[in-house]
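Chemist: with the sequence up front, the predicted model follows.
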Amino acid sequence: MEFDVINQKLFEALTKVVKNDSYLLEHAINEPTISHRLAVYLESEFPGFNVDCEYDGNIDAKDGKSTFTFSKRQQKILG
């Protein structure tokens, strides 16, 4: 699968979280709840894959955390 296709599918899943579950983000509901919703949308974008929302950070990052970087276009759409 091409990078652009994967990137678009990830973006679509994140957009669905913002659109359909914004109340979780607005009220700072705990991270496992939000990650579960993202996992649901990722599984719909990537049929045949199981998404485990027990994320434990990026072991290659110096601080043990990873981040998402959005393009200006993505930031505008996400608001």
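Modeler: On my side now, so go ahead.
Chemist: can you give me the helices in this structure?
Modeler: Counting by DSSP state H, the chain has these helices, from start to end: 3-20, 22-26, 31-45, 72-78.
Chemist: for H27, grab phi and psi.
Modeler: phi -100, psi 10 (degrees, to the nearest 10).
Chemist: okay, it: pLDDT?
Modeler: On the pLDDT scale, H27 is placed at 85.
Chemist: T67 too?
Modeler: Predicted confidence (pLDDT) at T67: the value is 54.
Chemist: hang on, the earlier thing: tell me which of the helices of the chain sits nearest to V51.
Modeler: Across the helices of the chain, V51 has its closest neighbour in helix 31-45 (4.1 Å, CB to CB). From N, CA and C alone the C-beta is placed, and that goes for glycine too.
Chemist: list the buried ones in that closest one?
Modeler: Using 16 or more other CB atoms under 10 Å as the burial criterion, the residues of helix 31-45 that qualify are 34-35, 37-42, 45.
Chemist: let me have the helices of the chain in a markdown table, extended by distance to V51.
Modeler: Shown next, in a markdown table, are these (distance: least, CB to CB, whole Å):
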| stretch | distance to V51 |
| --- | --- |
| helix 3-20 | 9 |
| helix 22-26 | 17 |
| helix 31-45 | 4 |
| helix 72-78 | 20 |
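Chemist: which non-adjacent residue is nearest I29?
Modeler: Y23 (7.7 Å; CB to CB, 6 or more residues apart in numbering).
Chemist: and for the one you found, the neighbour number?
Modeler: Using other CB atoms under 10 Å, Y23 is surrounded by 8 other residues.
Chemist: so what's E45 up against?
Modeler: 9-10, 12-13 (CB atoms under 8 Å, 6 or more residues apart in numbering).
Chemist: most neighbours, which of those?
Modeler: Taking other CB under 10 Å as the neighbour criterion, A13 ranks highest of the contacts of E45 with 20 neighbours.
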